[in-house]
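> 3D model of this:
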Amino acid sequence: QTQLVESGGGLVQPGGSLRLSCTASGFTLNYFTVGWFRQTPGKEREGVSCISNSDDSTVYADSVKGRFTISRDNAKNTVYLQMNSLKPEDTAVYYCNAVLSGFWVYDYWGQGTQVTVSS
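A predicted model of the protein is given here:
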């Protein structure tokens, strides 16, 4: 069974840190471009960061540059999102997405993990 599972969310105070994990089963995550997205009620899902499947190049939204870091651990079939200096406006449900485009397109989403930044 192919699936993505996020973990690592929770409640943290402003200025704190969390590390989100996105673990794949049933497929090799290293072959996929993986992105982290977030969504709050009443708003569209927005892209936070992604890591390429070709050269592990990374992209970040302006709102998280310098605070968040995306990385892979191929041995664990996992992509991480290290979030530092968290702000209340980072509060959202965070989702990971894995995409492989070729003759066929493979597109997987996780179920989401809640991140709440509050004092």
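> I'd assumed N53 was in contact with G35.
No. Taking contacts as CB atoms under 8 Å, G35 lies outside contact range of N53: 11.0 Å. In this view, the C-beta of every residue, glycine as well, is placed from N, C-alpha and C.
> what about these two, which has more around it?
More neighbours surround G35 than the other of G35 and N53, with 21 against 18 (other CB atoms under 10 Å).
> what sits against the more buried one?
Counting by CB atoms under 8 Å, 6 or more residues apart in numbering, G35 makes contact with 47-51, 96-97, 99.
> 7 Å instead, please
47, 49-50, 96-97 (CB atoms under 7 Å, 6 or more residues apart in numbering).
> do T33 as well
50-53, 99.
> now the helices: where do they sit in the protein?
Here the chain has no helices by DSSP state H.
> could I get the pLDDT score of the residue nearest the centre of it?
For the chain, W36 is the residue whose C-alpha lies nearest the centre (CA atoms, centre = their mean; 2.9 Å). You'll see W36 listed with a pLDDT of 98.
> same check, this time on Q1
pLDDT, Q1: 88.
> just the one 5 residues further on next, same as before
In the predicted model, E6 carries a pLDDT score of 96.
> cool, and the one 10 residues further on?
G16 is assigned a pLDDT of 98 by the prediction.
> list the contacts for T23?
Contact analysis of T23 by CB under 7 Å, 6+ apart lists 5, 77-78.
> ok, now with 10 Å
Neighbour list for T23: 3-7, 29, 73, 76-80, 96, 110 [criterion: CB atoms under 10 Å, 6 or more residues apart in numbering].
> which helix or strand in the chain has the lowest average pLDDT?
Using mean pLDDT, DSSP states H and E, strand 105-109 stands out as the lowest-scoring helix or strand of the chain, at a mean of 94.
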